[in-house]
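J.: model this:
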Amino acid sequence: MNCSGEAQCGGRDVDRRTGAGGREHSPQDTRTKESHASATSSPAAEAAFTEIYRDRRLTVGLPFPSECNSSVDFDEGRAFMSDTVSPDDSELDLRACYIEHGQYVKARSAGFSDVPRPDAEECLGYARSGGLQTIQDWDEVYKAKPIKDGMTLCFETEAGNIARAEVTEAKWKRYSGGTSDVYHRPFYTFKTTAWAPTE
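T.: Predicted coordinates for the structure are as follows:
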């Protein structure tokens, strides 16, 4: 518990400059301990979530023109390509056929993490902060390139699960159509860990 100055903590007065033995601690000692505490998941946070799978490699992409859609289902920890419309239970779709073209985010919430490997509770916070959104039209997705190497993405699925997707590779391939048209399509590889809330 953090207390400023000489505050009432747990029913007794504690001077934050000294420990139980009365030794005075420097400000650096205090900062070091606080930094370590913030970097470690609390037992309460760990108990609030159950791990579904860990560090699973998932790859999505659109090899033009053979595939129309590529999707990730973070609940099941699977990625797939299909020449039909994307399934209803996916959280991230790459679409290149039919009426809809672009990168579609279908999760309840999705965002970018400020740290490489957030725990479940932190990732839920990053997901709910938003930022990762649907972009229609591949030219616009190519300009924005919202998913890049080294990023960590956080998703809250419609089922209420949390997924941490570390981007280990994000590359774009250039294709030429039958005319002078040029197409750019992405290929993403994620190292993914997912958690379910503990009931």
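
J.: and the helices in the chain?
T.: 27-39, 43-47, 120-129, 138-144 (DSSP state H).

J.: quick check: mean pLDDT of the first one?
T.: Which is helix 27-39. The pLDDT scores in helix 27-39 average 39.

J.: any stretches of this structure with poor pLDDT?
T.: 1-46, 64-66, 83-87, 98, 177-180 (pLDDT under 70).

J.: domain-wise, how is this structure divided?
T.: As assigned by automatic domain parsing, the chain contains the domains 6-40, 45-197.

J.: and those, which is most packed in?
T.: Mean neighbour count, computed with mean count of other Cβ atoms under 10 Å, is highest for domain 45-197 among the domains of the chain, reaching a mean of 17. (Each C-beta comes from the backbone N, C-alpha and C, glycine too.)

J.: give me every residue that touches Arg164.
T.: Ser113, Arg117, Pro118, Ala120, Cys123, Thr152, Leu153, Cys154, Thr192, Thr193, Ala194 (Cβ atoms under 8 Å, 6 or more residues apart in numbering).

J.: how close does it sit to Lys171?
T.: Distance from Arg164 to Lys171, counting by Cβ to Cβ, to the nearest Å: 21 Å.

J.: quick check: closest non-adjacent residue to Val105.
T.: In space, and not counting its chain neighbours, Val105 is closest to Thr134: 5.0 Å by Cβ to Cβ, 6 or more residues apart in numbering.

J.: if I look at that neighbour, how far off is Ala110?
T.: Distance from Thr134 to Ala110, by Cβ to Cβ: 10 Å.

J.: returning to that earlier point: can you tell me which of the contacts of Arg164 is nearest Ser70?
T.: Thr192 (15.0 Å; Cβ to Cβ).

J.: so Gln136 sits right up against Ala96, yeah?
T.: No - the pair Gln136 / Ala96 is not scored as a contact, 11.7 Å apart, by Cβ atoms under 8 Å.

J.: let me see the contact set for the nearest residue to Asp114 once chain neighbours are set aside.
T.: Of all residues not flanking Asp114 in the chain, Tyr126 sits nearest, at 7.2 Å (Cβ to Cβ, 6+ apart). Shown in contact with Tyr126 (Cβ under 8 Å, 6+ apart): Gly111, Phe112, Ser113, Asp114, Pro118, Cys154.
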